[in-house]
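[1] Give me the fold of what follows.
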Amino acid sequence: MVKKAEKSDVEKLTKELLVSRRNGCQQVSDAVLKTADNYGEGYKKFMNTAKTERETVAYAVVKAEKAGFVPFEAGKKYKAGDKVYVNNRGKSMILAVIGEEGCRNGVRIAASHIDSPRLDLKPHPLYEKDDLALFKTHYYGGIKKYQWTTVPLSMHGCVVLKNGKSVTVNIGEKEGDPQFCVTDLLVHLADDQMKKSLAKGVSGENLNILIGSRPVRADECENLVKLNVMKILHNIYGITEEDFLSADIEFVPAAKAVDIGFDRSMIGAYGNDDKVCAYPALTAVLDAKNPKQTIITV
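    Numbers count the residues shown, from 1 in each chain. Modelled structure (predicted):
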């Protein structure tokens with residue numbers, strides 16, 4: 001008869017041979033958890049401010065210059081401790097702190113992406129159908145299309161006007177702003193749709209954004225709802241329909257970053273992929289003092 005191992009022997013072997021799967025919160029002090037919670041508050045503010053690449057770069061430039069970073073100058077000699085950045089047309093950015101060793105023995109690089117799935121406007125997006133004004137879109141990134149219907153959306157981006165002036169657009173983030181949405185069928189009208197797979201229930205061609213329903217007051221004219229929307233945009237931003245050709249406009253969820261769970265242990269926000277990496281990469285390089293090797297954040 002094979003003798004069973006003693007419980008104490010099993011526990012000893014388990015401790016010696018197997019990976020411990022203890023919850024990370026059990027392995028740090030309350031002080032560390034408090035520090036993490038405080039860091040999360042800064043992260044939430046960042047997520048509410050920087051929903052697009054342009055907004056993320058603009059945020060990073062302000063923070064970098066406040067921390068002593070200056071624009072990089074090609075050909076200039078830099079010394080240990082110098083802080084520089086490159087703003088790549090407002091869509092991406094590189095920051096560096098020159099180390100004691102320069103680049104002789106390699107550099108330390110932290111890289112992350114700041115784009116997230118979204119709905120971009122097509123070059124000729126504005127149209128009217130059934131007395132409703134809508135924007136035609138094409139989705140960017142890997143999205144589950146059915147998740148984007150009936151969700152409040154905000155409008156972000158920039159438009160280059162005929163005179164060459166660039167106008168920043170941001171509608172739907174401030175208290176009292178209008179918001180937008182992709183429409184969907186009521187459940188009792190969606191029998192055929194409900195029989196389809198998740199991938200086919202909502203098509204990419206139908207991810208068009210509802211933006212208005214009230215016409216300009218006139219008799220026997222076409223596209224009066226479309227005209228009213230264009231009139232509003234022109235009054236606010238000076239935009240004409242032709243300007244959409246030179247625009248970089250995207251729609252993203254308008255929801256703010258929030259704590260998730262009774263214990264507030266998680267953060268829910270649009271764009272966690274990959275800003276959950278971009279934000280700590282940014283704060284790390286901003287806080288760097290006198291590194292031995294040059295550090296670069298992309």
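
[2] For residue 265, grab phi and psi.
    phi -90, psi -10 (degrees, to the nearest 10).

[3] I meant to write residue 211 there.
    Dihedral angles for residue 211 - degrees, to the nearest 10 - are phi -130, psi 0.

[4] OK, contacts around it?
    Residue 211 makes contact with 133, 134, 135, 180, 229 under the criterion C-beta atoms under 8 Å, 6 or more residues apart in numbering. In short, each C-beta sits where N, CA and C put it, glycine included.

[5] Take these and keep only those in strands.
    133, 134, 135 (DSSP state E).

[6] follow-up on the earlier one: could I get the contacts of residue 211 in JSON lines, plus columns for distance to residue 63, pLDDT and neighbour count?
    Output for the contacts of residue 211, formatted as JSON lines (distance: C-beta to C-beta, whole Å; pLDDT from 0 to 100; neighbours: other C-beta atoms under 10 Å):
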{"residue": "133", "distance to residue 63": "38", "pLDDT": "98", "neighbour count": "23"}
{"residue": "134", "distance to residue 63": "37", "pLDDT": "99", "neighbour count": "22"}
{"residue": "135", "distance to residue 63": "32", "pLDDT": "99", "neighbour count": "24"}
{"residue": "180", "distance to residue 63": "30", "pLDDT": "99", "neighbour count": "20"}
{"residue": "229", "distance to residue 63": "36", "pLDDT": "98", "neighbour count": "22"}
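
[7] Quick one: the residues you listed as TSV, columns for distance to residue 263 too.
    Output for the contacts of residue 211, formatted as TSV (distance: C-beta to C-beta, whole Å):
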residue	distance to residue 263
133	44
134	42
135	40
180	34
229	44
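
[8] wait, which of the residues you listed is closest to residue 260?
    residue 180 (25.0 Å; C-beta to C-beta).

[9] can you give me phi and psi for residue 148?
    Dihedral angles (degrees, to the nearest 10) for residue 148: phi -100, psi 0.

[10] Next one, pLDDT for the closest residue in space to it that isn't next to it in sequence please.
    Leaving aside its sequence neighbours, residue 148 sits nearest to residue 182 (C-beta to C-beta, 6 or more residues apart in numbering; 5.5 Å). Note on residue 182: pLDDT of 98.

[11] From residue 145, how far out is residue 182?
    As judged by C-beta to C-beta, to the nearest Å, residue 182 and residue 145 stand 9 Å apart.

[12] Next: residue 243.
    28 Å.

[13] low-confidence ranges in the chain?
    1-5 (pLDDT under 70).

[14] quick one, domains of the chain?
    Domain segmentation of the chain under automatic domain parsing yields 29-114+271-297, 118-253.

[15] could I get the ones you listed as a markdown table with distance to residue 15?
    Shown next, in a markdown table, are those (distance: least, C-beta to C-beta, whole Å):
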| stretch | distance to residue 15 |
| --- | --- |
| domain 29-114+271-297 | 22 |
| domain 118-253 | 41 |
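
[16] So which of those domains is nearest residue 264?
    Of all those, it is domain 29-114+271-297 that lies closest to residue 264, at 7.5 Å by C-beta to C-beta.

[17] and the closest one, how far from the chain's centre?
    Domain 29-114+271-297 sits 16 Å away from the centroid of its parent chain (C-alpha atoms, centre = their mean, to the nearest Å).

[18] Does residue 161 touch residue 234 like I think?
    No - assessed by C-beta atoms under 8 Å, residue 161 is found out of contact with residue 234, at 10.6 Å.
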